[in-house]
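Peer 1: Next come a sequence and a model predicted from it.
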Amino acid sequence: MAVSNPVGTYDLLPRQARVWERVKQLAFSTFGLYGYEPIETPLFEHTDLFVRGIGESTDVVSKEIFHVISSYNYRTLQEGGQVRSKDRFALRPEGTASVVRSVIQNDLVPQGAAPVKLMYAGPMYRAERPQQDRYREFRQIGVEFLGAAAPTADAELIIMLMRFYQAIGLPMGSVRVLINSLGDDRCRPAYREAVRAYIHEHSSEMCEDCNARADLNPLRAFDCKEEGCRKVMAQAPLITDALCDECKEHFAQVKALLDAAGVPYVEDPHLVRGLDYYTRTVFEVQVTDGMGAQNAIGGGGRYDKLVEQVGGRPTPGLGFALGFERMMHALEIGGAQVAGDAPAVCYVACADASVAAQAFDVMQALRDAGIACDGDHQGRSLKSQLKVAGRMEAPVCVVVGPDELAAGRVSVRDMRARTQETVALEHVAEAVSALLER
Ligand code: AMP
């Protein structure tokens, strides 16, 4: 049986691969307007980075990590041995931990320096149960903004994300931005305690997972999809009532800046997001119709403690990640499209085998002049080559024939206008460019 791709993954065939390239370009040019610079980090990191950075009690770390292992260590494990912690690696489930690791390691925000703004795009890996819009390998585009504590940074981030969605053609009426503040280490511990105690009071009405979460990470119970838990959590204490004055003020300023920028949002005091590292502002962009439970197309927030948690100096930070596949689905639902058409190509045909080598030279000369072209590599007849050119929708075709070639000329056909002229070999590139640009 032929080998197929693993479940939860998919191939980006040429059209989709071109769309992915265009989406990245558009994202990077939008984020570039805000001062973001690109960064690329490895696809795998020490497992410990994700344990420390994302949190052991999160689903992403406790259930969804893909471990990476060398053959040597694989054998060691099979033989009942131990793998040293420095040899334990994991495919990245998200981008933030890796970028923060790189910022610390390369001292990209030295003390007293201006903040750093970094953007990335690439595949992420989570061993989730695959379903519609939930993959095991999926693509994210994200940014991290390190060194800025002011609420303007939070507002700028949300505005920038919405500007990008707008630029890509997502109907703005079909999405909503949910925002919340999770407080900081002054006010959150007491709130966590209150939620923990509340879950314990209602433990008989709640699922096993939520009961287990109560001590580790009680806020996650707000994300539970079980009907009983949802009912109970709807009445749980709200973080909004527990914020300290500083967090309240920060949140109020973020909202005022969004109001002034005309970016609508919905306050959702139950929005906690799945990862442990958030403090203060969190947000999520959701599609309002047609995407069922997987309706989050992007999200992020502030993580003022993360840099320290991963071993750096105290440095405030914030960021977001958007999911490429879900965004494409949202665009499809909204009737919008990102162009994935192949660029126009000139086809170079040869009339018979006696001039195949010269046709090959013409093709190379066109490419050297910056013109995309292709030709026959199968010894096809002229008729059959022209059919291939038609199927490729080549707007221009150069036909190399022995008689014309003897006079130093070739035919250049305008396939759309169905006209043809003969052109001296040294002017072929000019003639083809003129037709391609028409
Ligand atoms: P997160 O890192 O979980 O906040 O995810 C950020 C965005 O990535 C989400 O809003 C989704 O659009 C997307 N995403 C997360 N997990 C998956 C997945 N398993 N498959 C496809 N997209 C995902």
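Peer 2: It's in.
Peer 1: For this structure, what lies in contact range of the ligand?
Peer 2: Selection of the chain residues close to the ligand by Cβ under 6 Å from any ligand atom yields 94, 126, 128, 133-135, 138, 140, 274, 296-299, 321-323, 325-326. In short, each C-beta sits where N, CA and C put it, glycine included.
Peer 1: ok, whichever residue of the chain sits closest to the ligand - contacts?
Peer 2: The ligand sits closest to Gly323 of the chain, with a gap of 2.3 Å, by Cβ to the nearest ligand atom. By Cβ atoms under 8 Å, 6 or more residues apart in numbering, the contact list for Gly323 reads Phe138, Arg139, Gln140, Ala296, Ile297, Gly298.
Peer 1: rerun that using 7 Å as the cut-off
Peer 2: Contacts for Gly323 (Cβ atoms under 7 Å, 6 or more residues apart in numbering) come out as Phe138, Gln140, Ile297, Gly298.
Peer 1: Model confidence for the nearest residue in space to Ala167 that is not next to it in sequence, exactly?
Peer 2: The spatial neighbour of Ala167 that comes closest, neighbours along the chain excluded (Cβ to Cβ, 6 or more residues apart in numbering), is Thr30 at 5.6 Å. pLDDT, Thr30: 98.
Peer 1: burial measure for Thr30, as a count.
Peer 2: 19 (other Cβ atoms under 10 Å).
Peer 1: could I get the contacts of Gly323 as a markdown table with neighbour count and pLDDT?
Peer 2: Below are the contacts of Gly323 laid out as a markdown table (neighbours: other Cβ atoms under 10 Å; pLDDT from 0 to 100):
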| residue | neighbour count | pLDDT |
| --- | --- | --- |
| Phe138 | 19 | 98 |
| Gln140 | 21 | 98 |
| Ile297 | 25 | 97 |
| Gly298 | 25 | 97 |
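Peer 1: correct me, but Phe283 touches Leu157?
Peer 2: No - judged on Cβ atoms under 7 Å, Phe283 makes no contact with Leu157 at a distance of 8.3 Å.
Peer 1: could you point out which element follows the helix or strand of the chain with the lowest mean pLDDT?
Peer 2: Here the helix or strand of the chain ranked lowest by mean pLDDT, DSSP states H and E is helix 208-216, holding a mean of 86. Following helix 208-216 in sequence order, the next helix or strand is helix 227-234 (DSSP states H and E).
Peer 1: and the strand or helix carrying Gln358, which residues are buried?
Peer 2: In this assignment (DSSP H and E), Gln358 forms part of helix 356-368. Within helix 356-368, the residues that count as buried by 16 or more other Cβ atoms under 10 Å are Ala356, Gln358, Ala359, Phe360, Val362, Met363, Ala365, Leu366.
Peer 1: same thing with stretch 61-79?
Peer 2: Those would be Val61, Glu64, Ile65, Val68, Asn73, Thr76, for stretch 61-79 by 16+ other Cβ under 10 Å.
Peer 1: Dihedrals phi and psi, the fourth one?
Peer 2: What that stands for is Val68. Backbone torsions for Val68, taken as degrees, to the nearest 10, come to phi -110, psi 130.
Peer 1: related to what we said a few turns ago, so how far is the helix holding Gln358 from its chain's centroid?
Peer 2: Relative to the centre of its chain, helix 356-368 is centred 39 Å away, using Cα atoms, centre = their mean, to the nearest Å.
Peer 1: starting at the chain centroid, how far to whatever helix or strand comes next after that helix?
Peer 2: Using DSSP H and E, the helix or strand that directly follows helix 356-368 along the chain is strand 373-375. Its chain's average C-alpha position is 33 Å from that of strand 373-375, according to Cα atoms, centre = their mean.
Peer 1: Excluding sequence neighbours, find me the nearest residue to Ala214.
Peer 2: Nearest non-adjacent residue to Ala214, counting by Cβ to Cβ, 6+ apart: Ile199, 4.2 Å away.
Peer 1: Can I get the helix or strand containing that neighbour as PDB, trimmed to CA atoms?
Peer 2: Taking DSSP H and E as the criterion, Ile199 maps to helix 188-201. Below are the C-alpha coordinates for helix 188-201, written out as PDB (Å, rounded to 0.1, in the frame of the first residue of the first chain):
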ATOM      1  CA  ARG A 188      -4.600  36.800  40.700                       C
ATOM      2  CA  PRO A 189      -3.500  34.500  43.500                       C
ATOM      3  CA  ALA A 190      -6.400  35.500  45.700                       C
ATOM      4  CA  TYR A 191      -8.800  35.100  42.800                       C
ATOM      5  CA  ARG A 192      -7.400  31.700  41.900                       C
ATOM      6  CA  GLU A 193      -8.000  30.700  45.500                       C
ATOM      7  CA  ALA A 194     -11.600  31.900  45.300                       C
ATOM      8  CA  VAL A 195     -12.200  29.900  42.100                       C
ATOM      9  CA  ARG A 196     -10.500  26.800  43.600                       C
ATOM     10  CA  ALA A 197     -12.700  27.000  46.600                       C
ATOM     11  CA  TYR A 198     -15.800  27.600  44.500                       C
ATOM     12  CA  ILE A 199     -15.000  24.400  42.400                       C
ATOM     13  CA  HIS A 200     -14.500  22.400  45.500                       C
ATOM     14  CA  GLU A 201     -17.900  23.600  46.800                       C
END
